[in-house]
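Asks: take this sequence and fold it.
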Amino acid sequence: MSPDEGLAAAVLEIERHGAEAGWDQPARLFALVPTARLAEREPQLAASLGDEALTSIEQEGLVRGRPLEDQLTGITWPETVHGCAAMVERFVLPPEVEAELPADAEQAASYAAEHPDRQEVRIVAAATRTGASFCALRLRAHDDDTSVLTGPDLVPGLLDLVRATLEDTLGEDTPDE
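Replies: Model (predicted):
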């Protein structure tokens, strides 16, 4: 399995995990660690890990009610974490509505939540230290595994924030593996 295939597999596994939990879930954050390295460190888990290139480990500590985007700016990872993935639900509007959005973030969120043309989506955006990225996007209106949209850069803004958590700078929060 190539590194990019491993990342795609991890993202799709996270997205299916989110789908099993249903909609209206809080944002979630996952460390992505090489499965082989995890099996070396945790031999008792080796048989249950399979041969996936990356294993996702859900992190605790995100603050409910605080935007994920704000929290990501204060997170860094230890070197043992090869990548990370964020899962979040959002409202999206058709491009022609963007000009009508209020400038204030809270007002824009309320506007989007109440707009009749809104679509609810679940997004998983992941990146690795090697620069690979992959996203999965599920529309609530088309809530089935065969309708999940995928690609390396579907949500560039969220990917930038996820990538920034992998940089070698000190942050205020450092999730444990």
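Asks: burial check on Ala85, number of neighbours?
Replies: By other Cβ atoms under 10 Å, 28 other residues sit near Ala85. For every residue, glycine as well, the C-beta is placed using N, CA and C.
Asks: for it, which three-state class applies?
Replies: The three-state label given to Ala85 by DSSP: H, G, I helix; E, B strand; the rest coil is strand.
Asks: which residue packs closest to it, ignoring adjacent ones?
Replies: Excluding the flanking residues, the one nearest Ala85 by Cβ to Cβ, 6 or more residues apart in numbering is Ala126, at 3.6 Å.
Asks: can you check which helix is longest in the protein?
Replies: Longest helix in the chain by number of residues (criterion: DSSP state H): helix 3-21.
Asks: same for it, what does it pack against?
Replies: strand 28-34, strand 54-59, strand 83-92, strand 119-128, strand 133-139, strand 149-151 (3 or more Cβ pairs under 8 Å, 6 or more residues apart in numbering; DSSP states H and E).
Asks: ok now the shortest one, how far from the chain's centre?
Replies: Mean-position distance between strand 149-151 and its chain equals 13 Å (Cα atoms, centre = their mean, to the nearest Å).
Asks: what do you get for the second one?
Replies: Taking Cα atoms, centre = their mean, the mean C-alpha location of strand 54-59 is offset from the chain mean by 11 Å.
Asks: only C-alpha atoms, please: export that strand in CSV.
Replies: Taking C-alpha atoms only, strand 54-59 is exported to CSV below (Å, rounded to 0.1, in the frame of the first residue of the first chain):
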residue,chain,number,x,y,z
LEU,A,54,-1.8,4.3,9.0
THR,A,55,-3.8,3.8,12.1
SER,A,56,-6.1,6.6,13.4
ILE,A,57,-6.2,7.4,17.1
GLU,A,58,-9.0,9.6,18.2
GLN,A,59,-7.8,12.4,20.5
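Asks: how much does it deviate in direction from strand 28-34?
Replies: Strand 54-59 runs at 140 degrees relative to strand 28-34, counting by axes from the mean of the first three to the mean of the last three Cα atoms, to 10 degrees.
Asks: just checking, what packs against strand 54-59?
Replies: helix 3-21, strand 28-34, helix 35-41.
Asks: bridging residues for the residue nearest to Ala85?
Replies: Judged by DSSP bridges, the bridge partners of Ala126 are Ala85, Phe134.
Asks: which secondary element of the protein has the worst mean pLDDT?
Replies: Ranked by mean pLDDT, DSSP states H and E, the weakest helix or strand in the chain is helix 46-49, scoring a mean of 52.
Asks: give the buried residues for the longest helix of the chain.
Replies: Judged by neighbour count using 16 or more other Cβ atoms under 10 Å, the buried positions of helix 3-21 are Gly6, Leu7, Ala8, Ala9, Ala10, Val11, Leu12, Glu13, Ile14, Glu15, Gly18, Ala19.
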